[in-house]
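> kindly generate the corresponding structure for this input.
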Amino acid sequence: MPNDKKKYVVTSIVLASIGAVSGGLIALANLATAAKIEQNTIDKTNRGLAEIFADSTFKEIKDERIANPIVTYYEALKGEQRQGYVFYTAGSNMYGNISMLVGLVYNSSISEYESKSISLINNTQTYATEVVENYVVPFNNGENPNVKCGATYAAKLIKSMMEGLIIENPLFVSVLGTCPALATTKTIEAAIGMGILFTIVLICSNVIISLLRKIISEEIRTPAYIVVIATFVTIVKMFTNAFLPELYSTLGVFISLIVVNCIVLGRAEAYASKNGPFDSFIDALGMGVGYTMALVMMAFFRELLGTGGFTVGSIFTFIPKATLQIIP
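Down below sits the predicted model:
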């Protein structure tokens, strides 16, 4: 057998062996853990059911109005008396695992329980709304009950803002947008200018994409988002060139490259397409301010170590020019 053919045969056998061994190990792991995982899910669900309707027994109900297999519901009974119903849904998205129970008490008032298994709560308001509109409303004779997320709306907005600033800072934590970060942080003024332009584009695109989220189909979603982002980048670029020519000259091509900045497109895809305009505005503001803060922190050390001080007024000419020399 020629050496080349022998090499290919050996390579194929090795790959097939690795695949077979990997498949066998995964099968053994599934055999060892499947029952425990299923029991954990049952226990978690039972704890949630008991928290909504204490001292009740629960009977799983089959109903043709609930067509989605991931959504089931239970009738809560205390003795022979019906207490209400509980809708259960579980799934996952980019924020992690979501497991939620929505209770509909018999007198049509609402109680709600959010499972402790939720790793992040960013998307649960939208998720709860979808569950209510698609499953609870048809069950409740078409009436739309007012279901609130387990975390208050204000707490959700604060968390969304803090994620952009600290928890999921796009530059320091997610390590996104590093190319413009390195190119535009030679001075603090340039960093502030880049951060402001970036934030304006992010806020405007997030809000518009959120407003259009129900009419943009899945097939054209990405190109539609890029067109929206490119429109605002072009507008920002024109205004910068007209009113802040020094900033325009300093940033150069990196203003245009905001179009392909993965942070902007990522927030459109991950958040604005799934949440309302105000929520998307808060998310964009947090991410934009967080990115700006990161740029300014980098520029602080780069300008200090590079020039020995700081200069203001050379890019933002509407303020008096001044230099602070710290290192001789």
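> where exactly do the helices run in the stretch 151-300 of the chain?
Secondary structure of the stretch 151-300 of the chain (DSSP state H, counting those that start in this stretch): helices at 153-162, 178-183, 188-211, 221-243, 245-251, 253-256, 262-267, 277-307.
> what angle separates the last one from helix 188-211?
It refers to helix 277-307. Orientation check (axes from the mean of the first three to the mean of the last three CA atoms, to 10 degrees): helix 277-307 against helix 188-211 gives 160 degrees.
> OK, contacts around Pro320?
Contact partners of Pro320, counting by CB atoms under 8 Å, 6 or more residues apart in numbering, are Gly313. Glycine gets a C-beta too; all of them are placed from N, C-alpha and C.
> what strand or helix carries it?
For Pro320, there is no helix or strand it lies in under DSSP states H and E.
> how much space separates it from Leu247?
Distance, Pro320 to Leu247, by CB to CB, to the nearest Å: 17 Å.
> before we move on, the earlier item: hey, which of the helices of the stretch 151-300 of the chain is tucked in deepest?
helix 188-211 (a mean of 23; mean count of other CB atoms under 10 Å).
> in stretch 29-46, what counts as buried?
Applying a neighbour-count criterion of 16 or more other CB atoms under 10 Å, the buried positions in stretch 29-46 are 44-45.
> pull the CA atoms of it into PDB?
Output of stretch 29-46 as PDB, limited to C-alpha atoms (Å, rounded to 0.1, in the frame of the first residue of the first chain):
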ATOM      1  CA  ALA A  29     -22.100   9.900  31.600                       C
ATOM      2  CA  ASN A  30     -25.700  10.200  30.400                       C
ATOM      3  CA  LEU A  31     -26.600   6.800  31.900                       C
ATOM      4  CA  ALA A  32     -25.100   7.900  35.200                       C
ATOM      5  CA  THR A  33     -26.700  11.300  35.400                       C
ATOM      6  CA  ALA A  34     -30.000  11.200  33.500                       C
ATOM      7  CA  ALA A  35     -32.100  10.000  36.400                       C
ATOM      8  CA  LYS A  36     -30.500  12.500  38.800                       C
ATOM      9  CA  ILE A  37     -31.000  15.400  36.400                       C
ATOM     10  CA  GLU A  38     -34.700  14.400  35.900                       C
ATOM     11  CA  GLN A  39     -35.200  14.100  39.600                       C
ATOM     12  CA  ASN A  40     -33.600  17.500  40.300                       C
ATOM     13  CA  THR A  41     -36.000  19.000  37.700                       C
ATOM     14  CA  ILE A  42     -39.000  17.400  39.400                       C
ATOM     15  CA  ASP A  43     -37.900  18.500  42.800                       C
ATOM     16  CA  LYS A  44     -37.300  22.100  41.600                       C
ATOM     17  CA  THR A  45     -40.700  22.200  40.000                       C
ATOM     18  CA  ASN A  46     -42.400  20.900  43.100                       C
END
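> just how off-centre is that stretch within its chain?
28 Å (CA atoms, centre = their mean, to the nearest Å).
> give me the number of residues near Ile13?
By the criterion of other CB atoms under 10 Å, Ile13 has 10 neighbours.
> that's a helix at it, yeah?
Yes - checked against DSSP: H, G, I helix; E, B strand; the rest coil, Ile13 lies within a helix.
> dump the helices of the stretch 151-300 of the chain to CSV, plus distance to Thr11 and mean pLDDT.
CSV is the format used below for the helices of the stretch 151-300 of the chain (distance: least, CB to CB, whole Å; pLDDT from 0 to 100):
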stretch, distance to Thr11, mean pLDDT
helix 153-162, 50, 63
helix 178-183, 37, 87
helix 188-211, 47, 94
helix 221-243, 37, 90
helix 245-251, 50, 89
helix 253-256, 45, 90
helix 262-267, 36, 90
helix 277-307, 46, 91
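> so which of those is nearest Lys36?
helix 153-162 (31.7 Å; CB to CB).
> looking at the helices of the stretch 151-300 of the chain, which is nearest to Gly313?
helix 188-211 (8.1 Å).
> report the inter-axis angle for the closest one versus helix 221-243.
Orientation check (the same axes, to 10 degrees): helix 188-211 against helix 221-243 gives 140 degrees.
> elements contacting helix 188-211?
If contacts are counted by 3 or more CB pairs under 8 Å, 6 or more residues apart in numbering; DSSP states H and E, helix 188-211 sits against helix 221-243, helix 245-251, helix 262-267, helix 277-307, strand 309-312.
> would you list the helices of the stretch 151-300 of the chain in CSV and tack on distance to Asp43?
Shown next, in CSV, are those (distance: least, CB to CB, whole Å):
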stretch, distance to Asp43
helix 153-162, 27
helix 178-183, 44
helix 188-211, 38
helix 221-243, 38
helix 245-251, 56
helix 253-256, 53
helix 262-267, 36
helix 277-307, 33
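> mind listing what the nearest residue to Ile188 once chain neighbours are set aside touches?
Spatial nearest neighbour of Ile188, excluding adjacent residues (CB to CB, 6 or more residues apart in numbering): Ala299 at 4.6 Å. Taking CB under 8 Å, 6+ apart, we find Ala299 in contact with 185-188, 190-191.
> can you lay out those residues as a markdown table showing distance to Leu265?
Listed next are the contacts of Ala299 as a markdown table, based on distance: CB to CB, whole Å:
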| residue | distance to Leu265 |
| --- | --- |
| Thr185 | 22 |
| Lys186 | 26 |
| Thr187 | 27 |
| Ile188 | 27 |
| Ala190 | 23 |
| Ala191 | 22 |
